[in-house]
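Asker: what's the 3D shape of this:
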Amino acid sequence: MKKYNFDNLSLTHFSSGTLSLDGGAMFGVVPKNLWSKVYPCDKQNRIKLGMNLLLIQNGNENILIDTGCLGIRNEKLKKIYNIKNKNPFQELGVSEDEIDHVVLTHLHFDHAGGATIFNGKKWVPRFKNATYWIDKTEWKRATSPNEREKASYYPETFMPLLEEGKIQLISGDKEIIKNIFFINAPGHTPGHRIVKITSRQKEIYYLADLVPTAKHLPIAWIMSYDLEPLKTLETRKKIYPKFINKNVRLFFEHDEEPTSGFAKEENKKIIFYK
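Answerer: Below you'll find the model as predicted:
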(Lines give C-alpha, C1' and ligand atoms only; values in the text may rest on other atoms or scores of the structure.)
Protein backbone atom coordinates (compact mmCIF):
# COMPACT_ATOMS: atom_id res chain seq x y z
CA MET A 1 0.00 0.00 0.00
CA LYS A 2 1.43 3.37 -1.06
CA LYS A 3 -0.02 6.79 -0.33
CA TYR A 4 0.38 9.99 -2.34
CA ASN A 5 -0.87 13.53 -2.03
CA PHE A 6 -1.93 15.29 -5.21
CA ASP A 7 -2.82 18.83 -4.19
CA ASN A 8 -6.15 18.44 -2.38
CA LEU A 9 -6.52 14.75 -3.26
CA SER A 10 -5.32 11.77 -1.26
CA LEU A 11 -4.36 8.72 -3.35
CA THR A 12 -3.82 5.18 -2.08
CA HIS A 13 -2.39 2.58 -4.47
CA PHE A 14 -2.97 -0.85 -3.00
CA SER A 15 -3.07 -4.56 -3.80
CA SER A 16 -6.23 -6.67 -3.87
CA GLY A 17 -4.23 -9.83 -4.58
CA THR A 18 -2.26 -11.55 -7.30
CA LEU A 19 -2.76 -13.86 -10.26
CA SER A 20 -0.43 -15.65 -12.65
CA LEU A 21 -0.70 -15.39 -16.44
CA ASP A 22 1.28 -16.83 -19.32
CA GLY A 23 4.30 -14.63 -19.93
CA GLY A 24 4.18 -15.07 -23.68
CA ALA A 25 0.57 -13.94 -23.79
CA MET A 26 1.37 -10.96 -21.58
CA PHE A 27 4.15 -9.76 -23.89
CA GLY A 28 2.70 -10.68 -27.28
CA VAL A 29 5.21 -10.82 -30.14
CA VAL A 30 8.15 -9.89 -27.88
CA PRO A 31 10.47 -12.94 -27.72
CA LYS A 32 10.82 -14.70 -24.39
CA ASN A 33 14.57 -14.12 -24.31
CA LEU A 34 13.78 -10.39 -24.10
CA TRP A 35 10.76 -10.20 -21.78
CA SER A 36 12.05 -12.84 -19.36
CA LYS A 37 15.04 -10.60 -18.59
CA VAL A 38 12.75 -7.93 -17.15
CA TYR A 39 9.90 -10.15 -15.88
CA PRO A 40 11.01 -13.66 -14.81
CA CYS A 41 8.56 -16.54 -15.19
CA ASP A 42 8.02 -19.83 -13.36
CA LYS A 43 8.40 -23.36 -14.77
CA GLN A 44 4.94 -23.11 -16.31
CA ASN A 45 5.95 -19.93 -18.17
CA ARG A 46 3.68 -17.86 -15.92
CA ILE A 47 4.50 -14.44 -14.51
CA LYS A 48 3.06 -13.24 -11.21
CA LEU A 49 0.94 -10.13 -11.55
CA GLY A 50 -0.77 -7.87 -9.08
CA MET A 51 -4.29 -6.49 -9.11
CA ASN A 52 -3.47 -3.02 -7.84
CA LEU A 53 -6.32 -0.58 -7.34
CA LEU A 54 -6.43 3.15 -6.69
CA LEU A 55 -8.50 4.88 -4.01
CA ILE A 56 -8.99 8.61 -4.53
CA GLN A 57 -10.27 10.73 -1.65
CA ASN A 58 -11.22 14.37 -2.16
CA GLY A 59 -12.46 15.14 1.34
CA ASN A 60 -16.08 14.58 0.40
CA GLU A 61 -16.08 11.38 -1.63
CA ASN A 62 -14.24 8.08 -1.90
CA ILE A 63 -13.59 6.97 -5.47
CA LEU A 64 -12.29 3.48 -6.29
CA ILE A 65 -10.71 2.60 -9.63
CA ASP A 66 -11.27 -1.06 -10.52
CA THR A 67 -12.04 -3.83 -8.03
CA GLY A 68 -9.70 -6.77 -8.68
CA CYS A 69 -11.50 -10.11 -8.48
CA LEU A 70 -12.43 -10.27 -4.81
CA GLY A 71 -15.85 -11.74 -5.55
CA ILE A 72 -14.78 -14.56 -7.86
CA ARG A 73 -16.03 -17.92 -6.53
CA ASN A 74 -15.25 -20.03 -9.61
CA GLU A 75 -12.67 -22.49 -8.23
CA LYS A 76 -11.59 -23.67 -11.69
CA LEU A 77 -10.83 -20.10 -12.73
CA LYS A 78 -8.95 -19.42 -9.50
CA LYS A 79 -6.83 -22.53 -10.04
CA ILE A 80 -6.05 -21.85 -13.69
CA TYR A 81 -4.83 -18.33 -12.94
CA ASN A 82 -3.46 -19.01 -9.47
CA ILE A 83 -5.65 -16.24 -8.07
CA LYS A 84 -4.77 -15.17 -4.53
CA ASN A 85 -7.25 -12.57 -3.33
CA LYS A 86 -6.89 -10.38 -0.26
CA ASN A 87 -9.46 -7.93 1.00
CA PRO A 88 -7.67 -4.64 1.69
CA PHE A 89 -10.50 -2.62 3.18
CA GLN A 90 -9.59 -3.30 6.78
CA GLU A 91 -6.20 -1.68 6.15
CA LEU A 92 -7.52 1.21 4.07
CA GLY A 93 -9.48 2.81 6.88
CA VAL A 94 -12.46 3.06 4.52
CA SER A 95 -15.29 0.56 4.55
CA GLU A 96 -16.90 -0.85 1.42
CA ASP A 97 -20.10 1.02 2.32
CA GLU A 98 -18.18 4.32 2.29
CA ILE A 99 -17.18 4.02 -1.38
CA ASP A 100 -19.16 6.62 -3.36
CA HIS A 101 -17.96 5.83 -6.88
CA VAL A 102 -16.44 2.79 -8.59
CA VAL A 103 -14.75 3.46 -11.94
CA LEU A 104 -14.39 0.26 -13.97
CA THR A 105 -11.80 0.56 -16.75
CA HIS A 106 -13.36 -2.52 -18.37
CA LEU A 107 -15.30 -5.58 -17.26
CA HIS A 108 -12.76 -8.42 -17.43
CA PHE A 109 -12.88 -10.58 -14.31
CA ASP A 110 -9.57 -9.34 -12.91
CA HIS A 111 -10.81 -5.74 -13.02
CA ALA A 112 -14.54 -6.03 -12.28
CA GLY A 113 -14.58 -9.31 -10.34
CA GLY A 114 -14.79 -7.47 -7.03
CA ALA A 115 -17.71 -5.27 -8.05
CA THR A 116 -20.24 -7.74 -6.65
CA ILE A 117 -20.45 -10.20 -3.80
CA PHE A 118 -22.50 -13.35 -3.19
CA ASN A 119 -24.58 -12.81 -0.04
CA GLY A 120 -25.54 -16.47 0.39
CA LYS A 121 -28.62 -16.17 -1.77
CA LYS A 122 -27.72 -14.02 -4.75
CA TRP A 123 -25.10 -11.72 -6.25
CA VAL A 124 -25.38 -8.09 -5.14
CA PRO A 125 -23.23 -4.94 -5.52
CA ARG A 126 -20.28 -5.09 -3.10
CA PHE A 127 -20.18 -1.31 -2.79
CA LYS A 128 -23.87 -0.83 -2.14
CA ASN A 129 -23.79 2.96 -1.88
CA ALA A 130 -21.63 3.54 -4.96
CA THR A 131 -22.32 4.60 -8.51
CA TYR A 132 -20.47 2.35 -10.99
CA TRP A 133 -19.04 4.11 -14.07
CA ILE A 134 -18.65 1.92 -17.18
CA ASP A 135 -18.00 2.59 -20.87
CA LYS A 136 -21.12 2.06 -22.99
CA THR A 137 -19.29 0.04 -25.66
CA GLU A 138 -17.67 -2.13 -22.99
CA TRP A 139 -21.08 -2.88 -21.50
CA LYS A 140 -22.44 -3.98 -24.88
CA ARG A 141 -19.47 -6.28 -25.49
CA ALA A 142 -19.53 -7.75 -21.98
CA THR A 143 -23.23 -8.52 -22.13
CA SER A 144 -23.04 -9.99 -25.67
CA PRO A 145 -19.47 -11.32 -25.97
CA ASN A 146 -18.17 -13.30 -28.92
CA GLU A 147 -16.46 -16.64 -28.53
CA ARG A 148 -13.00 -15.13 -28.04
CA GLU A 149 -14.15 -12.63 -25.41
CA LYS A 150 -16.52 -14.83 -23.45
CA ALA A 151 -13.93 -16.42 -21.15
CA SER A 152 -12.97 -13.02 -19.71
CA TYR A 153 -16.47 -11.88 -18.76
CA TYR A 154 -18.48 -13.27 -15.83
CA PRO A 155 -22.04 -11.86 -15.77
CA GLU A 156 -22.38 -12.26 -12.00
CA THR A 157 -19.68 -9.60 -11.60
CA PHE A 158 -21.63 -6.88 -13.42
CA MET A 159 -25.28 -7.80 -14.15
CA PRO A 160 -26.36 -7.25 -10.49
CA LEU A 161 -25.17 -3.65 -10.88
CA LEU A 162 -27.76 -3.14 -13.61
CA GLU A 163 -30.47 -4.91 -11.63
CA GLU A 164 -29.86 -2.60 -8.66
CA GLY A 165 -29.75 0.55 -10.80
CA LYS A 166 -26.14 1.35 -9.91
CA ILE A 167 -24.67 1.92 -13.39
CA GLN A 168 -23.74 5.07 -15.30
CA LEU A 169 -22.82 4.24 -18.90
CA ILE A 170 -20.44 6.69 -20.56
CA SER A 171 -19.72 7.56 -24.19
CA GLY A 172 -16.77 9.72 -25.16
CA ASP A 173 -14.12 11.26 -22.93
CA LYS A 174 -15.81 12.76 -19.90
CA GLU A 175 -15.12 14.36 -16.54
CA ILE A 176 -17.24 11.99 -14.45
CA ILE A 177 -16.31 13.44 -11.05
CA LYS A 178 -14.60 16.77 -10.47
CA ASN A 179 -10.97 16.50 -11.71
CA ILE A 180 -11.41 12.81 -12.66
CA PHE A 181 -11.67 12.08 -16.37
CA PHE A 182 -12.72 8.77 -17.95
CA ILE A 183 -10.71 8.52 -21.19
CA ASN A 184 -11.27 6.23 -24.19
CA ALA A 185 -8.28 3.92 -24.67
CA PRO A 186 -9.43 1.11 -26.99
CA GLY A 187 -7.38 -1.88 -28.07
CA HIS A 188 -7.36 -4.25 -25.14
CA THR A 189 -11.12 -4.20 -25.57
CA PRO A 190 -13.11 -1.81 -27.78
CA GLY A 191 -14.53 -0.13 -24.67
CA HIS A 192 -11.38 -0.10 -22.55
CA ARG A 193 -10.65 3.17 -20.72
CA ILE A 194 -7.98 4.78 -18.61
CA VAL A 195 -8.38 7.42 -15.90
CA LYS A 196 -6.84 10.89 -15.87
CA ILE A 197 -6.74 12.93 -12.67
CA THR A 198 -6.02 16.64 -12.87
CA SER A 199 -5.27 19.48 -10.50
CA ARG A 200 -3.95 22.98 -11.25
CA GLN A 201 -2.75 22.05 -14.74
CA LYS A 202 -1.02 18.90 -13.44
CA GLU A 203 -2.05 15.41 -14.46
CA ILE A 204 -1.62 11.79 -13.39
CA TYR A 205 -2.81 8.65 -15.17
CA TYR A 206 -4.06 5.23 -14.15
CA LEU A 207 -3.26 3.20 -17.26
CA ALA A 208 -5.19 -0.05 -16.59
CA ASP A 209 -4.51 -2.53 -19.42
CA LEU A 210 -3.28 0.03 -21.93
CA VAL A 211 0.07 -0.42 -20.16
CA PRO A 212 -0.48 -3.22 -17.61
CA THR A 213 2.94 -3.06 -15.95
CA ALA A 214 5.85 -0.65 -15.96
CA LYS A 215 7.72 -3.26 -18.01
CA HIS A 216 5.18 -2.82 -20.82
CA LEU A 217 6.03 0.84 -21.50
CA PRO A 218 8.01 0.14 -24.72
CA ILE A 219 5.44 1.14 -27.28
CA ALA A 220 5.39 -2.20 -29.14
CA TRP A 221 5.28 -4.39 -26.00
CA ILE A 222 1.59 -5.15 -26.34
CA MET A 223 -0.27 -8.12 -24.88
CA SER A 224 -1.67 -10.98 -26.96
CA TYR A 225 -4.72 -10.65 -24.72
CA ASP A 226 -5.55 -7.39 -26.51
CA LEU A 227 -8.43 -7.92 -28.93
CA GLU A 228 -7.12 -5.25 -31.30
CA PRO A 229 -3.35 -4.88 -30.76
CA LEU A 230 -2.95 -2.41 -33.63
CA LYS A 231 -5.64 -0.28 -32.04
CA THR A 232 -3.69 -0.48 -28.76
CA LEU A 233 -0.63 0.75 -30.65
CA GLU A 234 -2.66 3.62 -32.12
CA THR A 235 -4.00 4.51 -28.67
CA ARG A 236 -0.52 4.48 -27.16
CA LYS A 237 0.75 6.81 -29.88
CA LYS A 238 -2.08 9.19 -29.01
CA ILE A 239 -1.73 8.99 -25.21
CA TYR A 240 2.05 8.71 -24.70
CA PRO A 241 2.85 12.32 -25.71
CA LYS A 242 0.67 13.46 -22.81
CA PHE A 243 3.06 12.00 -20.23
CA ILE A 244 6.44 11.13 -21.78
CA ASN A 245 9.13 13.58 -20.55
CA LYS A 246 6.50 15.60 -18.67
CA ASN A 247 6.99 14.49 -15.06
CA VAL A 248 3.48 13.02 -15.04
CA ARG A 249 2.97 10.23 -12.51
CA LEU A 250 1.69 6.94 -13.93
CA PHE A 251 -0.08 4.25 -11.94
CA PHE A 252 0.18 0.66 -13.16
CA GLU A 253 -2.39 -1.98 -12.31
CA HIS A 254 -0.60 -5.29 -12.81
CA ASP A 255 2.94 -5.07 -11.44
CA GLU A 256 3.33 -7.67 -8.69
CA GLU A 257 3.52 -4.84 -6.14
CA PRO A 258 1.75 -1.45 -6.46
CA THR A 259 4.00 0.55 -8.79
CA SER A 260 3.90 4.14 -9.99
CA GLY A 261 6.46 6.44 -11.52
CA PHE A 262 7.36 8.42 -14.61
CA ALA A 263 8.38 7.85 -18.23
CA LYS A 264 11.00 9.53 -20.37
CA GLU A 265 12.51 8.95 -23.78
CA GLU A 266 16.24 8.37 -24.14
CA ASN A 267 17.91 7.31 -27.39
CA LYS A 268 14.48 6.50 -28.88
CA LYS A 269 13.68 4.18 -25.96
CA ILE A 270 11.00 4.77 -23.36
CA ILE A 271 12.42 4.48 -19.87
CA PHE A 272 10.49 4.07 -16.62
CA TYR A 273 11.83 5.74 -13.50
CA LYS A 274 10.60 6.53 -9.99
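
Asker: all contacts plus neighbour counts: C-alpha atoms, from now on.
Answerer: OK.

Asker: list the buried residues for stretch 134-144?
Answerer: For stretch 134-144, burial by neighbour count (16 or more other CA atoms under 10 Å) applies to 134, 135, 136, 137, 138, 139, 141, 142.

Asker: tell me the buried residues in the helix ranked longest in the chain?
Answerer: If you go by DSSP state H, the chain has its longest helix at helix 229-239. Residues of helix 229-239 classed as buried by neighbour count (16+ other CA under 10 Å): 229, 231, 232, 233, 235, 236, 239.

Asker: what's the answer for stretch 239-252, then?
Answerer: Quick answer for stretch 239-252 (16+ other CA under 10 Å): 239, 243, 244, 248, 249, 250, 251, 252.

Asker: before we move on, the earlier item: give me the mean pLDDT for the longest helix of the chain.
Answerer: Per-residue pLDDT over helix 229-239 has a mean of 98.

Asker: and what of stretch 21-35?
Answerer: pLDDT averaged over stretch 21-35 gives 97.

Asker: run the chain-centre distance for that stretch.
Answerer: Offset of stretch 21-35 from its chain centre (CA atoms, centre = their mean, to the nearest Å): 20 Å.

Asker: again with stretch 220-228
Answerer: 15 Å.

Asker: quick one: residue 85 and residue 20 touch, right?
Answerer: No - contact criterion CA atoms under 8 Å: residue 85 and residue 20 do not qualify, at 12.0 Å.

Asker: so what sits opposite residue 11 in the bridge?
Answerer: With DSSP bridges as the criterion, residue 11 is bridged to residue 4, residue 56.

Asker: what sits against it?
Answerer: 3, 4, 5, 54, 55, 56, 57 (CA atoms under 8 Å, 6 or more residues apart in numbering).

Asker: what do you get if the cut-off is 10 Å, keeping everything else the same?
Answerer: By CA atoms under 10 Å, 6 or more residues apart in numbering, the residues touching residue 11 are 2, 3, 4, 5, 54, 55, 56, 57, 58, 63, 64.

Asker: and if you look at residue 202?
Answerer: Counting by CA under 10 Å, 6+ apart, the residues that residue 202 touches are 6, 7, 246, 247, 248, 249.

Asker: partners of it in the sheet?
Answerer: residue 199.

Asker: per-residue pLDDT, residue 8?
Answerer: For residue 8, the predicted pLDDT is 88.

Asker: er, residue 100 actually
Answerer: 98.

Asker: which secondary element of this structure has the worst mean pLDDT?
Answerer: helix 89-92 (a mean of 87; mean pLDDT, DSSP states H and E).

Asker: where do the helices of this structure begin and end?
Answerer: So, for the chain - with DSSP H - the helices run 23-27, 32-38, 75-80, 89-92, 109-112, 136-143, 159-163, 229-239.
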